[in-house]
Each structure stands twice: as C-alpha cells, then as structure tokens.
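Student: Need a 3D model of the sequence below.
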Amino acid sequence: MLSLLTGAAVNCLLILAGTLIGCLLNRKTLQKIGERIFEAFGLLVCAMGFAGSSQLDHIYLILASIIIGVALGEFFDLDGKFRRLAEKLQTLFTHSKDKPFAQGLIEATLLFCIGSMAIIGSLEAGINQNHTILITKGIIDGISACMMSMTLGIGVGFSALFVFIYQGTLTLGASLLQPLLSADIIAAVSTVGNLFLIGIGLNMLKVTKIKAANFLPAMFIPIMYALICHLFIK
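Tutor: Have a look, this model is predicted:
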C-alpha cells in the first residue's frame, strides 16, 4: 500500500525543498527578479492549460462536468473554506503579515493539484505502480515552488500537505477503480483540469480573480459518470 504513494511523497518533498530554497534566496535585490519570473511562469501555466485542453472529443461530458462540478463547488463554497483554513494555518505558523501566506498556500496548492500530470501521474501510479510521471512533476513543482516562494513566502511549502492528500487519494482510488477508468474517462478528467489550469494562470497574472477551488469537483464528475454507468447501465 505504501509503495503506491512513493510518487506523491517524492513530489511533496521536492515542493518543500524548492520552497526552502526560494525563502532562503528571498532578498530585496532578488525579489523583483522573482516577481518577473512568477509572471512569466503564469504565462507558461496558461500555455500548458491551452495545450492540455485542446482536445475536446467528449464535449458533452466535459460540459456536464463543468456545470455540475462548479455548481457543487460554489454551493459548498470550497474556495471560502480553503481560504479560511489557510488563514488559520497562517495564524498558527507565522506571526508576520509581510508575506501573503494564504495566497501562496492557495495558489500553489491549486497549481500543483490541477493539471494533467497530477491526474495522469496519480492514475499511472495507482494502476501500474509507475511513479515516473509524479517524480518528473515533482521536479517541476520544486522549481515552481522556489520561484513562487521568493514572492509569496513559506505558505507555498504548506501546499505539500494538500498535494500529498490529493495525489495520494487519486492514486489509491485509481488502484481500486481501475476497471472503470477507460482512456476516454481519463481524457475527460484531464481536459477539465487543464481548462481550470488556464484560470489559475490568469489569476497568477492578476488578470482575473477566479475562485479556482470551486472548480475542483468538476474533475471528478467523469469518474462518477463511469461509476454510475458501471452500476446501473450494463
């Protein structure tokens, strides 16, 4: 069981290492450089989202997933709950108001959790015990955490906890639901995730203020659809 979580664990350790390096490098002379790199990274995130969502072969399932998932996220106010949790963590672990702890935690968690590598990597680890994608993602996340923490501080590092829970749950779930996860279902989940990745990139560029956390349930609607079909439509 523990071997299934190897990729998720390595991913989180690399996020923590990148955050530590970024915080150590955070000096007045380097902060402006970090801000510019952060903006460039926002453009890269948008490009990744556009590239990953370019295939809309299952448009009706994707559309239904967005409508139902976003409605659920908004109804339960996931973004608000996540933000309040981040503020509580800030109170517990730091007394400084200079760094946007909550912003760093939220943006980093969403960035590291939403995207095709997080989804497909977790599914690959759960189904085939292959951790290559998650470890590769961990290297990218570690570099990203370093860049983000130079601007947003230590809150970025706390995202590792949520990344481990998220990717670990997906990995364990994939190992249990392996017969239901066809290539079409995985493609639909990945496409929905990449659409929301565009929103995260726009938020990083301060173009929008999208409540991306409220979009998370939409990524699981295709899996629920597959489960319902399996149980009731033979």
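
Student: Pull out the buried residues from the strand or helix carrying residue 141.
Tutor: Assessed by DSSP states H and E, residue 141 sits inside helix 132-152. For helix 132-152, the neighbour count (16 or more other C-beta atoms under 10 Å) marks 133-135, 137-138, 141-142, 144-152 as buried. Yep, even glycine has a C-beta here, placed from its N, CA and C like the rest.

Student: Show me what it is packed up against.
Tutor: Helix 132-152 is packed against helix 6-24, helix 28-52, helix 101-113, helix 116-128, helix 159-176, with contacts defined by 3 or more C-beta pairs under 8 Å, 6 or more residues apart in numbering; DSSP states H and E.

Student: Output it as CSV, nothing but the C-alphas.
Tutor: C-alpha atoms of helix 132-152 as CSV (Å, rounded to 0.1, in the frame of the first residue of the first chain):
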residue,chain,number,x,y,z
THR,A,132,7.8,8.3,-13.2
ILE,A,133,5.3,11.0,-14.1
LEU,A,134,4.8,12.1,-10.5
ILE,A,135,8.5,12.2,-9.8
THR,A,136,9.0,14.3,-13.0
LYS,A,137,6.2,16.5,-11.9
GLY,A,138,7.8,16.8,-8.5
ILE,A,139,11.0,18.2,-10.1
ILE,A,140,8.9,20.8,-12.0
ASP,A,141,6.9,21.6,-8.8
GLY,A,142,10.1,22.0,-6.8
ILE,A,143,11.4,24.6,-9.3
SER,A,144,8.0,26.3,-9.3
ALA,A,145,7.8,26.4,-5.5
CYS,A,146,11.2,28.0,-5.4
MET,A,147,10.1,30.8,-7.8
MET,A,148,6.7,31.3,-6.1
SER,A,149,8.1,31.3,-2.5
MET,A,150,10.5,34.1,-3.4
THR,A,151,7.4,36.3,-3.9
LEU,A,152,4.7,34.6,-1.7
